[in-house]
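> Okay, predicted coordinates and the sequence, questions at the end:
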Amino acid sequence: MTQKKNGFLRFVFSLLPGAGEMYMGFMKMGISLMGAFFGIVALATWLDIGPLMFVAAILWFYSFFHVHNLASMPDEEFYALEDEYLFHFSNGDVHQGADFVKTYRKAIGVTLIVVGVILSWKSLMRPLENWIPEDFYWILRNLNYYLPQLIIGIVVIVLGVHMISGKKKQLDSQDEKQVETTQPDSQQDGKEQ
């Protein structure tokens with residue numbers, strides 16, 4: 001049950017992303033915010049990508065102010081507010097998650113392969129330390145440190161190029177549709193004259 005509850009405890013819980021929402025009874029909102037926040041922190045730490053922590057900071061501020069905005073709502077609006085996940089996978093449509101997976105199947109597959117390769121590589125590095133020459137191990141260790149950043153950088157570039165080319169194709173198809181819809185009108189005008 002959602003309640004505005006104690007102001008001091010609400011403030012304390014709002015310091016942890018998602019906890020304030022859960023304290024007020026919005027479990028789905030809270031869990032999704034907390035999962036996203038700690039997932040980003042874990043990913044940034046694991047892959048050693050410091051700038052990703054800015055996304056975590058933005059998510060922290062969003063969660064903090066979201067709790068206080070919820071608490072300042074009029075009672076009618078507050079109690080009418082539905083508890084939903086941040087990513088909206090639970091609004092009654094069972095197939096929505098499956099549609100998401102179908103739409104982004106290639107991206108999810110590539111991400112899983114990259115994560116699997118990185119995990120396998122990191123787990124093999126420690127046993128290799130005693131078996132290979134020190135200079136070669138130093139090269140492998142540096143590769144181990146910079147490889148995840150390099151892979152993520154390449155993935156970001158590929159996604160950017162894909163988004164730009166996808167938008168260009170979409171604009172080109174819209175232009176073709178506009179040309180097709182305007183041609184019959186001009187042909188009819190010629191027949192009337």
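Nice, thanks for sending it over.
> elements contacting the strand or helix carrying residue 165?
Secondary structure assignment for residue 165, by DSSP states H and E: helix 134-192. Where contact means 3 or more C-beta pairs under 8 Å, 6 or more residues apart in numbering; DSSP states H and E, helix 134-192 is packed against helix 27-47, helix 105-128. No exception for glycine: its C-beta is placed from N, CA and C like everyone else's.
> residue closest to the middle of the protein?
residue 36 (7.8 Å; C-alpha atoms, centre = their mean).
> distance of that residue from residue 85?
Residue 36 sits 10 Å away from residue 85, going by C-beta to C-beta, to the nearest Å.
> Just the buried residues of stretch 147-159, please?
147, 148, 151, 152 (16 or more other C-beta atoms under 10 Å).
> Which single one of those residues is nearest to residue 177?
residue 152 (37.2 Å; C-beta to C-beta).
> Surely the closest one and residue 51 touch.
No: taking C-beta atoms under 8 Å as the definition, residue 152 is not a contact partner of residue 51, at 10.5 Å.
> Least confident secondary structure element in this structure?
The helix or strand of the chain with the lowest confidence, counting by mean pLDDT, DSSP states H and E, is helix 96-103 at a mean of 66.
> now stretch 49-57, how far from the chain's geometric center?
Stretch 49-57 has its C-alpha centroid displaced from the chain centroid by 13 Å (C-alpha atoms, centre = their mean, to the nearest Å).
> buried set for that stretch?
Buried-residue list, stretch 49-57, by 16+ other C-beta under 10 Å: 49, 55, 56.
> same question for it, mean pLDDT?
On average, the pLDDT along stretch 49-57 is 81.
> pull the CA atoms of that stretch into CSV?
C-alpha atoms of stretch 49-57 as CSV (Å, rounded to 0.1, in the frame of the first residue of the first chain):
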residue,chain,number,x,y,z
ILE,A,49,34.8,3.2,-17.3
GLY,A,50,34.7,6.2,-15.1
PRO,A,51,32.5,8.4,-17.3
LEU,A,52,29.7,5.9,-16.9
MET,A,53,29.5,6.9,-13.2
PHE,A,54,28.0,10.2,-14.5
VAL,A,55,24.9,8.2,-15.6
ALA,A,56,24.8,6.7,-12.1
ALA,A,57,24.9,10.2,-10.6
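> ok, and what's touching it?
37, 40, 41, 43, 44, 148, 149, 152 (C-beta atoms under 8 Å, 6 or more residues apart in numbering).
> So which of those sits lowest on pLDDT?
The minimum pLDDT among these falls on residue 148, with 73.
> thought it was touching residue 47?
Yes: the pair formed by residue 148 and residue 47 meets the contact definition of C-beta under 8 Å, at 4.4 Å.
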